[in-house]
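*Asks:* Generate coordinates for the sequence data below:
(chains A and B)
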Number of protein chains: 2
Amino acid sequence: MKDLKTEQVIHDQVIEIGRQARKASHALMGLDTDQKNRILLSIADGLEKNRKQIRAENLLDVEEARENGLSDAMVDRLDLTGERLDSMIQGVRDIAALPDPVGRILKSWTKENGLEIRKTSVPIGVIGMIYESRPNVTADAGALCLKASNAIILRGGSEALRSNRAIADAMIEGGQKAGLPGHALQLIPVRSREAVKQLITMDEYVDVIIPRGGEGLIRAVAENATVPVLKHYKGVCHVYVDRDADLKKALEIIVNAKCQRPGVCNAAETLLIDRPVAEKWLPEAANMLRKRGVELRGCEQSRQIITDMKEATEDDWSTEYLDLILSVKIVDGIDEAVRHINRYGSGHSDAVVTENPEHQDIFGKMVDSAAVYINASTRFTDGAEFGMGAEIGISTDRLHARGPVALEELTTYKYVVAGQGQIKE
Amino acid sequence: MKDLKTEQVIHDQVIEIGRQARKASHALMGLDTDQKNRILLSIADGLEKNRKQIRAENLLDVEEARENGLSDAMVDRLDLTGERLDSMIQGVRDIAALPDPVGRILKSWTKENGLEIRKTSVPIGVIGMIYESRPNVTADAGALCLKASNAIILRGGSEALRSNRAIADAMIEGGQKAGLPGHALQLIPVRSREAVKQLITMDEYVDVIIPRGGEGLIRAVAENATVPVLKHYKGVCHVYVDRDADLKKALEIIVNAKCQRPGVCNAAETLLIDRPVAEKWLPEAANMLRKRGVELRGCEQSRQIITDMKEATEDDWSTEYLDLILSVKIVDGIDEAVRHINRYGSGHSDAVVTENPEHQDIFGKMVDSAAVYINASTRFTDGAEFGMGAEIGISTDRLHARGPVALEELTTYKYVVAGQGQIKE
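*Replies:* Presented below is the predicted three-dimensional model:
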């Protein structure tokens, strides 16, 4: 009985958070660029002013995480060192300095009847953000959403609840001094899973859910949400070395794409090699990659060239290793490469290395991924690298936003139609 | 046992349709504009050539609908008269003549490291279209999706199955003569609801569902789909007559918005009147509307001016009458008007009548709807009226497409990034 009652209380509490967020989203529509930037700078000041308090709460989370036996990597991600706090606060100031994504006239035209149609960027409304461990996401995501005039409901990992609460409180305290509408930024202050279930099904109050974390978290959110979700499950990224590749470039690109930071979603997981260059190039590539500690798993044909390579199973072709492991396959030209990528890839980031303009065009046109690279590393798929400023995530979905989700992607549009009394005949 | 077996067969059949559609969507990515237009013209020829067969099948549907006691309106919608067939075929030719929405460079820029980033419009992939009665949707939706290089899976109403099948067969026959990839256009050839359930949950094979029909159909689809849905439930559209309105314009606009075609989603359902002009203007407006057969349902205050007006209940404010009925409310200025619309409206189309530029700006900025009109009738929300050519539907969703869903909205984008060997530092 007690659990049911608690569930009901949490349920009601999250609904109330949603209702308030919707109201706040309407108030946010009335703010102009200067007001929003002042609010963001004041949020940064609020974080600065409360940094001791934030660190104190954070240390309690870190201590508890250690006691609970969380992995060193997890504990590290949780740990808000002074340097990380500095960069989190600077991040909010940087967002204040970015151009306002709201109120842009995306297109405008005048019809023969004199109606002037303006397609105008507007906030999405209410954004629900679900994330794990890193408490700096609270500030990053909060500031990005507010800059785009969206209300935000934050739901961080339970292991970071104290840290997230302290950060959100400091942001609200700072923001309200400069006129942040009440409830424009809210954190769900409880650890229950019931709260997430409620958040992702409140279509009336929440317009989009952005989950960030491991594939398990994201699948659980996507499968149970009725609110639209912007997401990517994983990045199974490819580098295809074409028969007409500059083989030196190919070497640099595959080493960079695999080794520069193997634990991220835009790192390469599969190397495809065009048959005519395999015999010549693969031994050199394998040598270079192995020197960097990469384990190779090859198809049958590639194992005839590199005989001591482990065999790749069918599962390997769709696995995101997030580690120094690379699957290797020999293909018969660009068409087979494209087919392989479209079949086994995750639609994230895929690269071709070729000097052949026709092959470049085919790859650019036919590979069905958010970002397609010609003679460059897959590692560039990132809001900052693309010049969009900070990103709130990456999408491999096909609707609304694909690739980096930054300020512009946190807006939608409406048509404002100005007339002089026009009626329909 | 038998039913379970049938369900399994349909289930497998729909999955196979999805699998084939995904394959076809990749083949469609390889077609250029000329090829697509030739295919569309050949589809129109196929419809022309098979018009007798289509009409014969259609007459069987019409006859069965009459026998089953469907309403006259329903039977009429089903009836593919010669004129309607002509206009359906012409519609396909018109779509061939529209600009290609695929392959547009939406934006391009070069980074300091020399990477050239091109944000390029590409097809969404596979579109599932679920619709009722009017068999011409089969041709309209099919042609629009193909023009945007999408594969389409059609699922029309069971009452129109023979008509839809004949139309789809004629389209495929015509299209394939000009190189339409196999399975690029498919119709689910059975009446079962199981098929819909399968279609809207095949995330692997279907990228978006567009339902068109009554609110009941659309809610059932949206609630059960795991594939993203582009939709509008209903149009509860408002006309707000401001204290600074040109009252003659206001009269013309409300009469047009309510009466010109009351059964459509962009017709007005609620009239909001600013208090200072209510006493003077409402009697004239009421008189004019009643002459056209409109039943008025008013708030308490408006009933003090028009005493024989029926009382509006709380439900009236969110009701789409689709009929000659109008709810009437007196409000205290623009802010209350905006609040009322954002609370009770459906986010479809809302109009203000005012000569006051400040009020125009407030309404344009603060009303949270797909189309916001200043001194014009709400009846203009339509792909053709907006100059986009034919539309496949209207969206009141906030992500991806808002307002008319036409060719551009049937595309998504990807980033094509061209380099000269760049790697991430």
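*Asks:* Now do the strands in the stretch 251-400 of chain A.
*Replies:* Secondary structure of the stretch 251-400 of chain A (DSSP state E, counting those that start in this stretch): strands at A:268-274, A:295-298, A:310-311, A:325-331, A:349-353, A:371-376, A:393-395.
*Asks:* Quick one, which of those gets closest to chain B.
*Replies:* Closest approach to chain B among the strands of the stretch 251-400 of chain A (Cβ to the nearest Cβ): strand A:371-376, 3.1 Å. C-beta here means a position set from N, CA and C on the backbone, and glycine is covered the same way.
*Asks:* who's in contact with that closest one?
*Replies:* The contact list for strand A:371-376, computed with Cβ atoms under 8 Å, 6 or more residues apart in numbering or on different chains, reads A:246, A:249, A:253, A:266, A:348-355, A:360, A:363-364, A:378, A:380-381, A:403, B:115, B:414-423.
*Asks:* Please apply the same query to stretch A:107-118.
*Replies:* By Cβ under 8 Å, 6+ apart, the list of residues contacting stretch A:107-118 from outside reads A:105, A:119, A:415-420, A:422, B:376, B:380, B:385-387.
*Asks:* Quick check: buried residues in it?
*Replies:* A:L115, A:I117, A:R118 (16 or more other Cβ atoms under 10 Å in any protein chain shown).
*Asks:* Can you pull out the low-pLDDT segments for chain A?
*Replies:* In the predicted model of chain A, residues A:1-5 satisfy pLDDT under 70.
*Asks:* Excluding covalently adjacent residues, which one is nearest to A:N50?
*Replies:* A:A170 (3.7 Å; Cβ to Cβ, 6 or more residues apart in numbering or on different chains).
*Asks:* thought that neighbour was touching A:K49?
*Replies:* Yes: in this structure, A:A170 is within contact of A:K49 by Cβ atoms under 8 Å, at 7.1 Å.
*Asks:* which one of these two has more residues nearby?
*Replies:* A:A170 (24 against 13; other Cβ atoms under 10 Å in any protein chain shown).
*Asks:* gap between the more buried one and A:R51?
*Replies:* Distance of A:A170 to A:R51, given as Cβ to Cβ, to the nearest Å: 8 Å.
*Asks:* Likewise for A:V126?
*Replies:* From A:V126 to A:R51 the distance is 29 Å (Cβ to Cβ).
*Asks:* Have a look at the two and say which one is more surrounded.
*Replies:* A:V126 (29 against 20).
*Asks:* Could you give the bridge partners of the more buried one?
*Replies:* As for beta bridges, A:V126 partners with A:A151 under DSSP bridges.
*Asks:* list the contacts for it?
*Replies:* Applying Cβ under 8 Å, 6+ apart, the residues near A:V126 are A:G18, A:A21, A:R22, A:S25, A:N150, A:A151, A:I152, A:I153, A:Y205, A:V206, A:D207.
*Asks:* Out of the residues you listed, which two are the most distant from each other?
*Replies:* Greatest spacing in the contacts of A:V126, by Cβ to Cβ: A:G18 and A:N150 (13.6 Å).
*Asks:* who has more neighbours, the two?
*Replies:* The residue with more neighbours, out of A:G18 and A:N150, is A:N150; 26 against 23, by other Cβ under 10 Å.
*Asks:* how close does the more buried one get to B:P404?
*Replies:* In terms of Cβ to Cβ, A:N150 sits 24 Å off from B:P404.
*Asks:* returning to that earlier point: tabulate the buried residues of stretch A:107-118 (a markdown table), appending distance to B:V229 and secondary structure.
*Replies:* Below are those laid out as a markdown table (distance: Cβ to Cβ, whole Å; DSSP: H, G, I helix; E, B strand; the rest coil):
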| residue | distance to B:V229 | secondary structure |
| --- | --- | --- |
| A:L115 | 29 | coil |
| A:I117 | 26 | strand |
| A:R118 | 27 | strand |
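*Asks:* could you flag which of the contacts of stretch A:107-118 are buried?
*Replies:* A:K119, A:Y415, A:V416, A:V417, A:A418, A:G419, A:Q422, B:A376, B:F380, B:E385, B:F386.
*Asks:* Which two among those residues are spaced furthest apart?
*Replies:* A:K119 and A:Q422 (18.0 Å).
*Asks:* Quick check: A:M366 touching B:L28?
*Replies:* No: at 10.7 Å, A:M366 and B:L28 do not qualify as touching, with contact defined as Cβ under 8 Å.
*Asks:* which one of the two has more residues nearby?
*Replies:* Between A:M366 and B:L28, counted using other Cβ under 10 Å, B:L28 has the larger neighbour count: 26 against 19.
*Asks:* So the more buried one is in contact with B:I124, correct?
*Replies:* No: applying Cβ under 8 Å, one finds B:L28 not in contact with B:I124, separated by 10.8 Å.
*Asks:* overlap in contacts of these two?
*Replies:* Common neighbours of B:L28 and B:I124, using Cβ under 8 Å, 6+ apart, are B:N150.
*Asks:* so which of the buried residues of stretch A:107-118 comes closest to A:I392?
*Replies:* Nearest member of these to A:I392, counting by Cβ to Cβ, is A:R118, at 26.7 Å.
*Asks:* circling back to that earlier point, quick one, phi/psi of the residue nearest to A:N50?
*Replies:* The phi and psi torsions at A:A170 (degrees, to the nearest 10) take the values phi -70, psi -40.
*Asks:* now it: how far from A:R93?
*Replies:* 14 Å.
*Asks:* swap in A:V416?
*Replies:* A:V416 is 32 Å from A:R93, by Cβ to Cβ.
*Asks:* again, but for A:K280
*Replies:* Distance from A:K280 to A:R93, by Cβ to Cβ: 51 Å.
*Asks:* Looking only at neighbour counts, state which of these two leads.
*Replies:* Neighbour count, other Cβ under 10 Å: between A:K280 and A:R93, A:R93 has more, with 17 against 10.
*Asks:* Which parts of chain A are helices?
*Replies:* Along chain A, counting by DSSP state H, helices occupy A:2-28, A:33-49, A:51-67, A:72-78, A:82-97, A:136-147, A:161-177, A:193-199, A:215-224, A:247-259, A:275-291, A:300-305, A:333-344, A:357-366.
*Asks:* which one of the ones you listed is the most hemmed in?
*Replies:* helix A:136-147 (a mean of 26; mean count of other Cβ atoms under 10 Å in any protein chain shown).
*Asks:* So which elements touch that helix?
*Replies:* helix A:33-49, helix A:82-97, strand A:126-131, strand A:151-155, helix A:161-177, strand A:185-187 (3 or more Cβ pairs under 8 Å, 6 or more residues apart in numbering or on different chains; DSSP states H and E).
*Asks:* among those, which is nearest B:L144?
*Replies:* Among the helices and strands packed on helix A:136-147, strand A:126-131 sits nearest to B:L144 (Cβ to Cβ), with 30.8 Å.
*Asks:* List every C-alpha atom in that closest one, with coordinates, as PDB.
*Replies:* C-alpha atoms of strand A:126-131 as PDB (Å, rounded to 0.1, in the frame of the first residue of the first chain):
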ATOM      1  CA  VAL A 126       8.900  22.000 -23.200                       C
ATOM      2  CA  ILE A 127      12.000  19.800 -23.400                       C
ATOM      3  CA  GLY A 128      12.500  16.700 -21.100                       C
ATOM      4  CA  MET A 129      16.100  15.800 -20.700                       C
ATOM      5  CA  ILE A 130      17.100  12.400 -19.300                       C
ATOM      6  CA  TYR A 131      20.800  11.700 -18.600                       C
END
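*Asks:* Name the residues of that strand that come out as buried.
*Replies:* For strand A:126-131, by 16+ other Cβ under 10 Å, it's A:V126, A:I127, A:G128, A:M129, A:I130, A:Y131.
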